[in-house]
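Q: Prediction below, plus the sequence it came from.
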Amino acid sequence: MQNELFDKNIKAMDGREYKELKDELEKIKELREFAYTFGKDNLDINIIKKRNLKAIYKNPLKELEEKIEFFKDYDRYPALFFYGLGNGILYKALLQNKNHKRIIVFEKEIEIIFIVLNLLDLSEELRKGRLILIYTPHMTYTKADAIFSLGSIDRFFKTYTLFTHSNFYKSYKEDILKTNTLNSKAIKNISLRRGNDPKDAMQGIEQFVRNIPKMINHPSYHTLLKKRKNTKDENVAIIVSTGPSLGKQLPLLKKYANKATIFCADSAYPILAKHGIKPDYVCMMERDAVVAECFNNDFKEFDDGITFVVASLIHKNTIQYLESNKRSYILATRPLSFATSVKLHEFGYISCGMSVAHMNYELANRLNYKNIVLIGQDLAYGEKGESHTKNFLHEKLHDGHYKRDFDRYTTLAYGGKGEVQSSEIWNLFREIFENFIASNKNKIKTYNCTEGGARIEGAIEKPFKEICETLLTKDLHKPFPKIPKLSKEQRINLMLKSYKQIKKQMSLADTFLKECKKIKNQLADLKRGKLKITLEQLNQNLDKLKARLDLNRYGFLFEILGPTLHHEESIIAPLYVQSIKNESERQNKLFAWLYAHESLVESIFELVTIQNMTLKKAIIPLQDELEKRNLI
């Protein structure tokens with residue numbers, strides 16, 4: 001086997017996500033588990049399991065016809081999910097329907113995938129990503145997360161169903177359950193990451209714009225990466241978090257502090273200071289005033305040589321505390337829609353994941369550390385129900401959480417023995433870490449030396465003492481080189497450029513609001529029975545408005561609208577995919593579709609209005625800075 005068709009299909013699977021599967025397929029020299037048969041018709045292909053002579057189909061042609069008829073009711077679904085590849089012909093047929101942007105097929109038997117790739121030309125479908133094949137022994141949460149983050153899928157979570165290809169696959173119940181569980185977890189976690197409160201997004205946008213002059217007049221994130229990039233593979237980054245187990249690691253950390261680069265969470269910084277352990281980098285990503293209190297202290301000369309890397313959307317109190325104690329800081333931009341639209345690329349981008357520990361990991365990665373050690377990364381409650389280590393500043397905010405979460409979010413313990421009590425958000429943080437580790441496994445060794453809490457899959461579990469003794473053998477030259485600012489001319493140009501860009505976006509938003517208001521009024525007229533245009537015309541107007549939001553130049557609105565669009569469009573997705581059998585059904589569906597958009601359009605109008613009003617105030621510090629220099 002491995003004929004020309006096979007080679008063509010394999011070539012089409014050119015993404016790195018297919019590498020493991022292709023390696024498995026190319027090892028096959030003969031079929032040991034399965035055989036295949038042909039009938040008189042080209043579509044009459046069956047596959048038989050040799051051990052028990054069970055065939056995938058009783059009658060391949062009849063079952064194909066029945067399935068194609070059944071899925072006519074799903075002809076508007078952008079994505080369909082199947083367990084079982086079968087002979088593959090069903091998917092070739094379904095993909096003739098251009099409404100199906102993706103068909104995702106999960107298959108446990110490598111030989112079935114091998115047979116199909118030798119018999120069917122699926123190269124075009126595979127190359128364009130319209131057909132996605134997942135070999136389930138390689139299935140991970142990381143893969144599920146990547147699939148459900150795809151644009152053609154992430155607004156249609158409520159339409160997700162995992163269809164079984166044929167009765168043959170009913171004997172794969174355990175694998176189906178595992179696949180479904182991973183998919184369901186990805187759907188839930190992506191929805192959580194999308195957020196549900198536009199107020200948070202607006203706070204971040206406002207603070208980012210207010211902070212632009214401070215950001216530009218301090219060293220840039222790119223300069224930090226250029227000046228501090230680690231060139232020695234043996235150098236070790238230790239990431240310090242504030243889980244319950246941190247206390248027991250502090251004596252060793254102090255002893256070896258000068259032999260490793262120490263990255264710490266904002267909340268770990270005052271704890272390390274109390275123990276006389278100087279970190280090299282302190283990170284902060286949150287936009288709240290509460291978190292800023294981690295820097296409301298004065299440790300005098302202890303701060304010399306520490307670089308504070310904080311997200312550019314932080315609260316003004318954070319900057320006040322940093323400046324009052326003359327700390328060296330860098331404002332790094334997260335790749336959020338509004339910030340990227342301002343195009344200050346020199347100061348970004350650091351994605352941060354969802355926790356400051358993720359931010360530290362990403363920074364260590366970007367600085368080219370090949371060995372990353374986690375301590376205090378419990379992601380679980382301690383034995384006495386404590387959420388964090390001793391002297392954690394915000395312990396009171398977690399009062400009652402252990403009781404609330406008890407036995408609801410248990411997960412595998414560090415060391416793999418038994419389970420520990422975790423929380424919904426910590427489980428999400430752990431899964432993001434597992435994503436990071438899996439994505440970087442070819443270039444980074446990640447050691448979990450927490451010696452407590454939850455197991456983080458993919459991290460190498462080792463005692464902290466062993467890692468210190470084996471990897472930390474040489475003193476480093478500390479403090480590290482200072483990070484220079486950009487030249488005065490560069491800084492002025494960037495401030496002017498960002499000011500003009502934000503003013504241009506505010507003008508674009510005003511134009512968008514006029515169009516949005518017109519459609520909002522038309523939808524209100526529909527509700528009152530006073531619509532002066534046809535339903536088709538109103539639908540076209542609505543489509544144009546939504547299409548405008550998909551244009552790159554309107555990307556600056558997506559951050560404020562993202563949570564609302566994701567949640568509201570998820571709610572109306574089942575209506576979108578509903579099939580239509582006659583004109584009466586078409587009219588009823590069109591009416592329901594338009595009616596369902598009233599609250600969405602009202603929310604869009606309100607949120608864009610608030611963003612523009614907020615920007616008018618937030619841009620004042622930047623405007624003042626430029627006026628002082630007679631540039632505007």
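A: All right, it came through fine.
Q: Now stretch 181-195: average pLDDT?
A: On average, the pLDDT along stretch 181-195 is 83.
Q: typed the wrong thing, it's stretch 153-167
A: 90.
Q: Checking residue 372 next. Helix, strand or coil?
A: Here residue 372 is recorded as strand under DSSP: H, G, I helix; E, B strand; the rest coil.
Q: That one: what's it in contact with?
A: 236, 237, 239, 361, 364, 365, 444, 445, 446, 447 (C-beta atoms under 8 Å, 6 or more residues apart in numbering). (C-beta placed from N, C-alpha, C; glycine too.)
Q: quick one: the helix or strand encompassing the fourth one to chain centroid distance?
A: When you say that, I think you mean residue 361. Applying DSSP states H and E as the criterion places residue 361 in helix 356-366. The chain centroid and the centroid of helix 356-366 are separated by 15 Å, computed with C-alpha atoms, centre = their mean, to the nearest Å.
Q: just the helices in the stretch 351-500 of the chain please.
A: 356-366, 401-405, 424-439, 464-471, 488-528 (DSSP state H, counting those that start in this stretch).
Q: next structured bit after the longest one?
A: Taking DSSP H and E as the definition, the helix or strand that follows helix 488-528 towards the C-terminus is helix 535-549.
Q: Check which helices and strands the helix or strand of the chain with the lowest mean pLDDT sits against.
A: When each helix and strand of the chain is scored by mean pLDDT, DSSP states H and E, helix 558-576 comes last, with a mean of 84. Other elements packing on helix 558-576 under the criterion 3 or more C-beta pairs under 8 Å, 6 or more residues apart in numbering; DSSP states H and E are helix 173-194, helix 198-216, helix 337-341, helix 535-549, helix 583-596, helix 598-618.
Q: Turn these into JSON lines, columns for mean neighbour count.
A: What follows is those, written out as JSON lines (neighbours: other C-beta atoms under 10 Å):
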{"stretch": "helix 173-194", "mean neighbour count": "16"}
{"stretch": "helix 198-216", "mean neighbour count": "21"}
{"stretch": "helix 337-341", "mean neighbour count": "21"}
{"stretch": "helix 535-549", "mean neighbour count": "14"}
{"stretch": "helix 583-596", "mean neighbour count": "14"}
{"stretch": "helix 598-618", "mean neighbour count": "17"}
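Q: Distance to residue 501 added to these, as CSV?
A: Conversion of the helices and strands packed on helix 558-576 to CSV gives the following (distance: least, C-beta to C-beta, whole Å):
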stretch, distance to residue 501
helix 173-194, 26
helix 198-216, 10
helix 337-341, 7
helix 535-549, 19
helix 583-596, 35
helix 598-618, 11
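Q: between those, which one is nearest to residue 146?
A: Among the helices and strands packed on helix 558-576, helix 173-194 comes nearest to residue 146, with 8.5 Å by C-beta to C-beta.
Q: Show me where the stretch 251-400 of the chain has its strands.
A: 261-265, 281-284, 307-311, 328-332, 371-375 (DSSP state E, counting those that start in this stretch).
Q: Pipe those strands into a markdown table and attach distance to residue 490 and mean pLDDT per row.
A: Output for those, formatted as a markdown table (distance: least, C-beta to C-beta, whole Å; pLDDT from 0 to 100):
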| stretch | distance to residue 490 | mean pLDDT |
| --- | --- | --- |
| strand 261-265 | 28 | 97 |
| strand 281-284 | 24 | 98 |
| strand 307-311 | 20 | 98 |
| strand 328-332 | 16 | 98 |
| strand 371-375 | 33 | 98 |
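Q: closest to residue 541 out of these?
A: strand 307-311 (38.6 Å).
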